[in-house]
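J.: any chance you could fold what I've pasted below:
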Amino acid sequence: MNDIVGDVSRRAFLKTGAALGGGVLAAGMPLSQVIWAAEGKVLKARGTGDPTTLDPGFYAGSNEIDLMYCIYSKLTHYKPGSEWGWELEAAEKMEQVDPTHIRFHLKKGIKFTGGYGEMTAGDVKFSFERVIKHNSPVKLDWGPLDHVEIEDDYTGVIVFKTPYVAAWNIAFPYGVGHIVSEHAVMKATGVGSSFGMQPPAFSGPYVLADFKQNQHVILTRNPEWAGPKPGFDEIQIISINDVKTAERAYQAGGIDFTRISLDSLATFKSNPPADTKIEEHPSLYRHWIGMNMDHPKLKDINVRKAIQWAINVPQILDAAYAGQAEVATGTVPPGIVGHREKAVVPPEGDLAKAKEFLEKAGVSDLTLTIDCLNESTYTTIAQTVQAQLSQIGITTEINVQDAGSFWTLGMESEGDRWKEMQITVMYYTTVPDPQYATWEFTQGQIGIWNWERFRSERFDELFAKGATISDPNDRAKVYQEMQDLMEESGAYRFLTHGGNPVMYRTTQTQAVTRPDGYPLFLDFKPV
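T.: All right, here's what the predicted structure looks like:
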């Protein structure tokens, strides 16, 4: 499967005030401590694009979180391996006191670089609350967070306005859970807002040694780190946007770890490069065909349903993924609470039924546009949909766009292009919680990430309810109904969650990943 620039999540092209370009030396670190470890153990891995920010409170994409995992600390992190779960990191203990209060106790001795001292509960309070205070685009990761109460230097209580069970799967182990130094950030920004690509202090096993746009990110050991020693002296994340280019770079010896495309998987499995291990992982990506419900040509639900029923998903997956991807039933991936066993519209669709809907709409000679990214997977999907819609008399024009143009297409803040947008080949990533897989489709996200401009009071009501339910079975029913509502609107045709195969050079490293194949660079071991 092709990756978009920066392995962009739904937030990747928001403006975060990042200072891009040029080299960046680790904040507060003498040059002698960040000189690249030319003779040490070096890990070279593919990065799916440049980071736009290294501020965890304002993160944009999952590729940035891969880096943050190495240079900051957080209360918990995802467990490596094949099963989703979390384990303690900076926290020595975490306790759910009651449905709206979670107490944490920090480990002692976690230091910030640059002379900013030991991590305290005050830093946790500052890190979490600033996301809400400064209206971060990722503030919804914190759900109904109210504030953090400090009990002593190492102990605090996280207080939510209403129960938020998703905090354990989203906020704590992912992006916004990383802890920054209050003193360092206030000194750097004056008000505690985003520091972009200029971290004022680090608290993890590595520090940022160098960043060159469109080239690489270099991490080197943090000499002030007192925890377990990571395996490599230096980590080089090489920026390679296109997965096919990354595969060639791996074969040429330029990198030692990369994801590989699904359409290349069979070839690599039958004839792998020397000293290479290939691992197959399920993906948390969500791919779908979306329709702008506010566009005059798509306002009639019968037109949207005609498009839904005309789309044959297995045909698309055969063309775009060489038959290596499974059909999706909704926006919640398999293995996550709320996954649906089947969709309302069968995967193969039904051309006769599609034509009936079109006749009911009283529409003929309909011409529409399909917008997609300029990568082979997405252009193939668009071309296949184009051919399928032609079978019911709908003519389509495909608009292929680069990432910077595509990922602002549906944003009202970026102009009026959203008014002309009609059909899009969409995908976002997610984390192992259904709250994260559904929040883009709330009414509050219309004109931001809800590009279909889907409106449902019931959906929003269920979204708020789902975050409060602790019983997995009861919670699952909420998200399954939400996906039913999405599909019944006619604005969505779910395609696939794809897959995330990776390969790495066994003479250089033993790779460690999350269950979905995302690298946990801290846990990689040299050979």
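J.: got phi/psi on T424?
T.: phi -130, psi 150 (degrees, to the nearest 10).
J.: OK, contacts around it?
T.: Going by Cβ atoms under 8 Å, 6 or more residues apart in numbering, T424 touches I289, G290, M291, N292, I370, D371, C372, L409, G410, W451. Quick note: C-beta positions are derived from backbone N, CA and C, even for glycine.
J.: and the last one, what's its pLDDT?
T.: Looking at W451, its pLDDT is 98.
J.: what ranges does the stretch 201-350 of the chain have for its strands?
T.: 206-212, 216-221, 234-239, 257-259, 276-279, 286-291 (DSSP state E, counting those that start in this stretch).
J.: the stretch 151-300 of the chain: helices as residue ranges?
T.: With DSSP state H, counting those that start in this stretch as the criterion, the stretch 151-300 of the chain has helices at 182-189, 243-251, 262-270.
J.: packing partners of the first one?
T.: Translated: helix 182-189. Other elements packing on helix 182-189 under the criterion 3 or more Cβ pairs under 8 Å, 6 or more residues apart in numbering; DSSP states H and E are helix 121-133.
J.: ok, the closest residue in space to Y59 that isn't next to it in sequence - contacts?
T.: Closest residue to Y59 apart from its sequence neighbours, by Cβ to Cβ, 6 or more residues apart in numbering: G175 at 4.1 Å. Neighbour list for G175: P56, Y59, E64, I65, M68, V138, D141 [criterion: Cβ under 8 Å, 6+ apart].
J.: what do you get for K44?
T.: K44 neighbours (Cβ under 8 Å, 6+ apart): Q236, I238, G254, I255, D256, F257, Q508.
J.: burial of the second one, as a residue count?
T.: Just to be clear, that refers to I238. The tally of other residues near I238 (other Cβ atoms under 10 Å) stands at 19.
J.: before we move on, back to that, as JSON lines, the strands of the stretch 201-350 of the chain with distance to Y479 and mean pLDDT would be great.
T.: Below are the strands of the stretch 201-350 of the chain laid out as JSON lines (distance: least, Cβ to Cβ, whole Å; pLDDT from 0 to 100):
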{"stretch": "strand 206-212", "distance to Y479": "37", "mean pLDDT": "97"}
{"stretch": "strand 216-221", "distance to Y479": "35", "mean pLDDT": "97"}
{"stretch": "strand 234-239", "distance to Y479": "34", "mean pLDDT": "96"}
{"stretch": "strand 257-259", "distance to Y479": "27", "mean pLDDT": "97"}
{"stretch": "strand 276-279", "distance to Y479": "29", "mean pLDDT": "97"}
{"stretch": "strand 286-291", "distance to Y479": "13", "mean pLDDT": "98"}
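J.: and those as CSV, adding distance to Q445?
T.: Below are the strands of the stretch 201-350 of the chain laid out as CSV (distance: least, Cβ to Cβ, whole Å):
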stretch, distance to Q445
strand 206-212, 31
strand 216-221, 30
strand 234-239, 29
strand 257-259, 28
strand 276-279, 34
strand 286-291, 13
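J.: just the strands in the stretch 351-500 of the chain please.
T.: Under the criterion DSSP E, counting those that start in this stretch, strands of the stretch 351-500 of the chain are mapped to 367-373, 395-401, 423-428, 492-496.
J.: closest one to H77 among the ones you listed?
T.: Proximity to H77 (Cβ to Cβ) singles out strand 423-428 among these, at 22.0 Å.
J.: and the closest one, which residues are buried?
T.: The neighbour-count check on strand 423-428 (16 or more other Cβ atoms under 10 Å) flags I423, T424, V425, M426, Y427, Y428 as buried.
J.: out of these, which comes closest to Y116?
T.: Y428 (35.2 Å).
J.: distance check, that closest one against G498.
T.: 12 Å (Cβ to Cβ, to the nearest Å).
J.: which residues do those two both contact?
T.: Y285.
J.: how close does the residue lying closest to Q480 once chain neighbours are set aside get to Y428?
T.: Of all residues not flanking Q480 in the chain, R340 sits nearest, at 5.2 Å (Cβ to Cβ, 6+ apart). Note on R340: its distance to Y428, by Cβ to Cβ, is 17 Å.
J.: can you check E341 too?
T.: Distance, E341 to Y428, using Cβ to Cβ: 22 Å.
J.: please apply the same query to K299.
T.: 25 Å.
J.: paired strands for the strand or helix carrying H77, with orientation please.
T.: Per DSSP states H and E, H77 falls inside strand 76-78. Take DSSP bridges as the rule and strand 76-78 pairs in its sheet with strand 86-88 (antiparallel).
J.: name the residues that touch the strand it pairs with?
T.: With Cβ under 8 Å, 6+ apart, strand 86-88 has contacts from L75, T76, H77, Y78, K79, M94, W168, N169, F172, P173.
J.: got it, and stretch 129-149?
T.: Identification of contacts with stretch 129-149 by Cβ under 8 Å, 6+ apart yields 11, 14, 16, 57-60, 121, 124-125, 128, 156-162, 164, 166-167, 170-171, 174-176, 185, 191-194, 435-436, 439, 467.
J.: just these: which are in strands?
T.: Here DSSP state E is the test, and the contacts of stretch 129-149 give G156, V157, I158, V159, F160 as lying in strands.
J.: so the nearest residue to the fourth one once chain neighbours are set aside, which of the three states?
T.: When you say that, I think you mean V159. Once flanking residues are discounted, V159 sits nearest to D146: 4.8 Å by Cβ to Cβ, 6+ apart. Three-state assignment for D146 (DSSP: H, G, I helix; E, B strand; the rest coil): strand.
J.: neighbours around D146, how many?
T.: Residues lying near D146 (other Cβ under 10 Å) number 14.
J.: still on that earlier bit, what's the PyMOL line that selects buried ones from the contacts of K44?
T.: Burial among the contacts of K44 is assessed by 16+ other Cβ under 10 Å; the matching PyMOL selection reads:
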select buried, resi 236+238+255+256+257+508
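J.: which two among the contacts of K44 are spaced furthest apart?
T.: By the measure Cβ to Cβ, I238 and Q508 form the most distant pair in the contacts of K44, at 13.8 Å.
J.: pLDDT wise, what is E359 at?
T.: Per-residue confidence at E359 stands at 97 (pLDDT).
J.: go on, the one 3 residues further on?
T.: For G362, the pLDDT comes out at 96.
J.: roughly how far does it sit from D300?
T.: 9 Å.
J.: neighbour count winner among these two?
T.: In this view G362 and D300 are compared by other Cβ under 10 Å, and D300 has more residues nearby, 18 against 9.
J.: which other residues reach the longest helix along the chain?
T.: As assigned by DSSP state H, the longest helix anywhere in the chain is helix 472-488. Contacts to helix 472-488, defined as Cβ under 8 Å, 6+ apart, come from residues 165, 308, 329-332, 337-340, 343-345, 434, 437-438, 441, 454, 456, 458-459, 462-463, 465-466, 469, 492, 494.
J.: buried set for that helix?
T.: R475, A476, V478, Y479, Q480, E481, M482, Q483, M486, E487.
J.: quick check: closest non-adjacent residue to the first one.
T.: Taking Cβ to Cβ, 6+ apart, and ignoring the residues beside it in sequence, R475 has I469 as its nearest neighbour in space, at 4.2 Å.
J.: what's the pLDDT at that neighbour?
T.: Value for I469, per-residue pLDDT: 96.
J.: next one: phi and psi at it?
T.: Torsion angles, degrees, to the nearest 10, at I469: phi -90, psi 120.
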